[in-house]
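>>> Model the following, please.
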Amino acid sequence: MTAFDLRPTLNAPDHDPYLWLEDVEGERALDWAASQSARTLGKFGGTQFDRDRDALTAIFDGPDNIPLITRCGQYLYNFWRDAGNPRGLWRRTTLAAYLKADPQWELLLDLDALAAGDGEDWIWGGASLEPERRQRAVLRLSRGGSDAVVHREFDLGSLSFVAEGFNLPEAKGDIDWLDPDTLLLSSALGNGMATRSGYARTVRLWKRGADPLTAPVIFETGFESNGVSGQLDRIAESERLWFIETPAFFEKIGRIGDRSGPKMQIDLPRDARWNGFGDWLAVRPRKPWTVGRTTHAADALIGISLSSFIAGDRGFVTLFESRDRRSLQSFFWNNGKLIISYLVNLVPRFEMFTPGRQEWTRRALDTVPAEGTVHLWPLDAEHHETNGEVLVSAQDPITPPQLLLFDLNAAAPLGAPVIMKREPESFDASGLVVTRHEAVSTDGEMIPYTQIGPANVSGDAPVHLTAYGGLGISLLPHYNSSLGKLWLERGGTCVLANIRGGGEFGTRWHEAGRREGKRLAHDDFAAVAADLVRRGITVSRRIAAEGGCNGGLLIANMLTRYPERFGALFCRVPLVDMRRYTRLLAGAIWIDEYGDPDKADDWAFLKEISAYHAATPGQPYPPVLLATTKRDDLVNPGHARKMAAKLQALGYPAYFYEASAGGHGYGKNGRERAAFIALGNKFLRSAIGWQADDIR
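As a prediction, the model looks like this:
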């Protein structure tokens, strides 16, 4: 009989022989990761993998992809990658030019050339333009895609970096311009400036020419908090600074002040979502909130004058109320108007409110696309520059995205949005149908899922199943070029499940799958897999499931809790070790979602979803691929490394792959991203015995 080292176990969770794999840059850990990755590529690489990688690379780097834009002043700014510029180009044009079929772009920065000249693995992290003169910008450059960035000031006239400008070494954090010579600095750089999760603990006033490490601290929070930030409200009549503290993931405290620091706290529930525009404030309570004699329901949206609220008025106007399967998704301000997005049984709807002293007027945005997955957001980067023009993205699983421009100021009835760009079709969708279904979970809750595939299936269809189910994030059916090319086009079926823990049906849905409810969210996913078999779509051995991050935790639990319902599992950048996750990189920021393993009451339910500890020998575990990236500084790659090592020690068919760059993603360019995805899909197809590789 083979002797297994079972550690760590649920009974001995701290006896971990694989701690050395948490050392991200450790020589022994890197050698292990390289050897494992080579083994996986040797097993699932080859001609078909090369073809798939090249096909996806061509899609990701296609010249006809939509250039996403944001407006600052008279220019639209875009960051663009293609085959000839894999790291990308920062560029700009005008709205009139963008509307043409082949717009002319002004090149601002070639990131490939910069990386080569600096000898750095630069990945674009964004830019913050100084909004008064618009002559300078602070760029965010990431090494290998990590969350931590280097800040460098850039001159838009000379197209060169400012040698003695606002330049900051690598750290997690951000800046906000106060004026051309002053920044608000929210950065973890410096001794004692980071919270336990590695984010900014202070807001500093950084003047041009000064040492950022000695810049005066004007606001700070404690080490246990998630972080702080500061920003200038340019809509206020006089200079007003907002100081935002996030004590926990779902908590926010807002304070108003000036350059000397905060002066007053806004008296709102910590767990409410809110934002303002000038003298108007919109609030979404997460729980029922009683103010005076009025109780505002959870997930309602209420509005009030900010100055009146500060003066003591609590006469909120109710703008929206959620109901079962009718839930608010987002809200934002544009030119003094409040735009809300909500779902009615997963169907998108949009409305606009204009605030007034006596009442708020409502207007349905019924000319915005109302089928598929639709998102609205401001065209302008700065709130004070918004003029009523918003961008609209519309798509569905078999229809590529299109980008539209919508003018909220158009006279009633509102005209239809103008189509600006269309994404090209990246896979053959002929014969595919999109249908909605529901599965019954272990407690009787109905779990919706979307199925995309051939109209007629044989009963053993190769199914790709995915979900997220965490952090209140809504995962809606969209046009997935990768799965379309590597799965649907070859005759397979794809399924997306809306399990609890997500935000598809509001706070109730999220709360049901948070903390001790996380196990129930995983039950939901297993119920969808069982329902596909019940409906005669497929059999368990032909179900290939995939998920990343929180979804990676989900997939790891399918391995240990429901192995008989799956034929293969692809576990990406996952959380797996729920005993130590708070001690690994940024893990502590998610205590609000999962619980604190250092508290006995929380560990009592966390251990039920800690697949790393639950894995035992002699179980019918299907083949699993755990994949991560070395530069992921959100979820430590040690999670995936340790799980793969333990499973292999227990004798299971577990594979491991680690990309050298990409951060909490899949690579620093289209080719690396394509390789990561192609490898995962090749593994899944092989593991479920689907011989479709030679079809196309």
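
>>> can you give me the strands in the stretch 1-150 of the chain?
70-72, 75-82, 85-93, 106-110, 122-129, 136-143, 149-155 (DSSP state E, counting those that start in this stretch).

>>> what inclination does the fifth one have with respect to strand 136-143?
Going back to what we said before, that points to strand 122-129. 160 degrees (axes from the mean of the first three to the mean of the last three Cα atoms, to 10 degrees).

>>> ok, strand 122-129: who's next to it in the sheet?
strand 136-143 (antiparallel) (DSSP bridges).

>>> now the strand it pairs with: mean pLDDT?
Averaging pLDDT along strand 136-143 yields 97.

>>> can you give me the strands for the stretch 451-600 of the chain?
According to DSSP E, counting those that start in this stretch, the strands that the stretch 451-600 of the chain contains are 463-466, 493-497, 543-548, 568-572.

>>> Would you check how far apart residue 436 and residue 469 are?
Noted for residue 436: a distance of 18 Å to residue 469, by Cβ to Cβ, to the nearest Å. Quick note: C-beta positions are derived from backbone N, CA and C, even for glycine.

>>> again with residue 366
Applying Cβ to Cβ to residue 366 and residue 469 gives a distance of 31 Å.

>>> With neighbour numbers in mind, choose between these two.
residue 469 (29 against 11; other Cβ atoms under 10 Å).

>>> Now do the same contact list for the more buried one.
475, 497, 499-502, 513, 521-522, 524-525, 550-551, 554 (Cβ atoms under 8 Å, 6 or more residues apart in numbering).

>>> Extract the C-alpha set from the helix or strand residue 434 falls within and format it as PDB.
Element membership for residue 434 (DSSP states H and E) is strand 432-440. In PDB, the C-alpha atoms belonging to strand 432-440 read as follows (Å, rounded to 0.1, in the frame of the first residue of the first chain):
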ATOM      1  CA  LEU A 432     -26.200  28.000 -32.400                       C
ATOM      2  CA  VAL A 433     -29.100  28.900 -30.000                       C
ATOM      3  CA  VAL A 434     -29.200  30.600 -26.700                       C
ATOM      4  CA  THR A 435     -31.600  29.300 -24.100                       C
ATOM      5  CA  ARG A 436     -32.400  30.000 -20.400                       C
ATOM      6  CA  HIS A 437     -33.000  27.300 -17.800                       C
ATOM      7  CA  GLU A 438     -33.100  26.800 -14.000                       C
ATOM      8  CA  ALA A 439     -31.700  24.200 -11.700                       C
ATOM      9  CA  VAL A 440     -33.000  23.300  -8.200                       C
END
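
>>> Which positions in it come out as buried?
By neighbour count with 16 or more other Cβ atoms under 10 Å, strand 432-440 contains the buried residues 432, 434, 437, 439.

>>> Name the nearest of the residues you listed relative to residue 238.
Comparing those against residue 238 with Cβ to Cβ places residue 434 closest, at 52.5 Å.

>>> hey, what's that closest one bridged with?
Here residue 434, judged by DSSP bridges, has bridge partners residue 452.

>>> From residue 484, how far off is it?
12 Å.

>>> Can you check which residues contact both of those two?
In contact with both residue 434 and residue 484: residue 398, using Cβ under 8 Å, 6+ apart.

>>> surely residue 252 meets residue 266?
No. Taking contacts as Cβ atoms under 8 Å, residue 252 lies outside contact range of residue 266: 9.8 Å.

>>> Those two: who's more crowded?
residue 252 (20 against 17).

>>> who touches stretch 235-249?
In contact with stretch 235-249 (Cβ under 8 Å, 6+ apart) are residues 178, 184, 203, 219, 221, 225-233, 252-259, 261-262, 270, 277-278, 383-384, 471, 589-593.

>>> quick one: low-confidence ranges for the chain?
Scanning the chain for pLDDT under 70 picks out 1-3, 411-414, 692-696.

>>> would you list every one of the helices in the stretch 201-350 of the chain?
Ranges of helices in the stretch 201-350 of the chain, per DSSP state H, counting those that start in this stretch, are 306-310.

>>> picking that back up, inside helices: which ones of the contacts of residue 469?
Judged by DSSP state H, helices contain the following of those: 521, 522, 524, 525, 550, 551, 554.

>>> Thank you kindly, that will do.
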